[in-house]
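**Student:** pasted the sequence and its predicted model underneath.
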Amino acid sequence: MYTLYYLPGACALATQVILRELRQPFELVDKRGVDNFLAINPTGKIPVLNDGENSLVEGAAILLYLLNKHENNLLPQADVFQKQKAIENILFANATMHPAYNRLFFATGAIADEHARQPFLEAAAVAINELWVLVEKKLAQQAFLGGDQVSTADIMLAVYARWGAYFPVDIVIPEKVSKMLAEVEARPSFIASIAAEQAHSTDA
């Protein structure tokens, strides 16, 4: 059984959703309840996934590990080009969209003065909105980034999109993207993952 270390609402949520999509049993551990988390991951970051004696880090790498290990429809296997495009979408979510949202968190933590902070938040929001326009274009002829069924990148983007509500900025989610995100959030795996984080955090 897997062990997943997480923080509520953070990017480990995507890993939990994928584990549920793959119907894999796992234990959920809130990082805040671990006495010496740096002994588990020296960077202090989540997610961390334990698979037996093996400890895995870096969100995108963990997802690819799970998708390659377990049979699924989230990552194409038969068509090499389609698999490559799916990996590109995963890395776009992880290495482009995720850091764009991270600028909001960084500005909030680094700039104490609210008025001085706001221009940085708004600049980050502009960059995020431009990225969502790119996603909208990718969805011009299809419901999801992977085509007619949900992909791993869609799940990742649905997690990141939730973060905008934490900040006093206008993040514009285009129409097709909004529909895609709503369908991902309505999946039983996503609903169960949100509920599990909330229940687990309350218990802690």
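**Tutor:** Arrived safely.
**Student:** could you use CA atoms for every contact and neighbour count after this?
**Tutor:** Will do.
**Student:** wait, what's in contact with the most centrally placed residue in the chain?
**Tutor:** The chain has residue 156 as the residue nearest its centroid, 3.4 Å off, counting by CA atoms, centre = their mean. Going by CA atoms under 8 Å, 6 or more residues apart in numbering, residue 156 touches 11, 14, 90, 93, 94.
**Student:** same question for residue 29.
**Tutor:** Contacts of residue 29 (CA under 8 Å, 6+ apart): 3, 4, 5, 6.
**Student:** out of those, the closest to residue 19 would be?
**Tutor:** Comparing the contacts of residue 29 against residue 19 with CA to CA places residue 4 closest, at 9.6 Å.
**Student:** could you look up the SS state of the closest residue to that closest one other than its chain neighbours?
**Tutor:** Among residues not flanking residue 4 along the chain, residue 49 sits closest, at 4.7 Å (CA to CA, 6 or more residues apart in numbering). Secondary structure, DSSP: H, G, I helix; E, B strand; the rest coil: residue 49 is strand.
**Student:** residue 49 bridge partners, please.
**Tutor:** residue 4, residue 56 (DSSP bridges).
**Student:** the strand or helix carrying residue 192 packs against which elements?
**Tutor:** For residue 192, the host element (DSSP states H and E) is helix 188-203. Packing contacts for helix 188-203, counted by 3 or more CA pairs under 8 Å, 6 or more residues apart in numbering; DSSP states H and E, involve helix 12-21, strand 26-30.
**Student:** take the contacts of residue 29 and lay them out in JSON lines including neighbour count.
**Tutor:** Converted to JSON lines, the contacts of residue 29 look like this (neighbours: other CA atoms under 10 Å):
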{"residue": "3", "neighbour count": "16"}
{"residue": "4", "neighbour count": "24"}
{"residue": "5", "neighbour count": "25"}
{"residue": "6", "neighbour count": "23"}
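**Student:** any chance of these in CSV, plus distance to residue 53 and pLDDT?
**Tutor:** Listed next are these as CSV, based on distance: CA to CA, whole Å; pLDDT from 0 to 100:
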residue, distance to residue 53, pLDDT
3, 11, 98
4, 13, 98
5, 15, 97
6, 18, 97
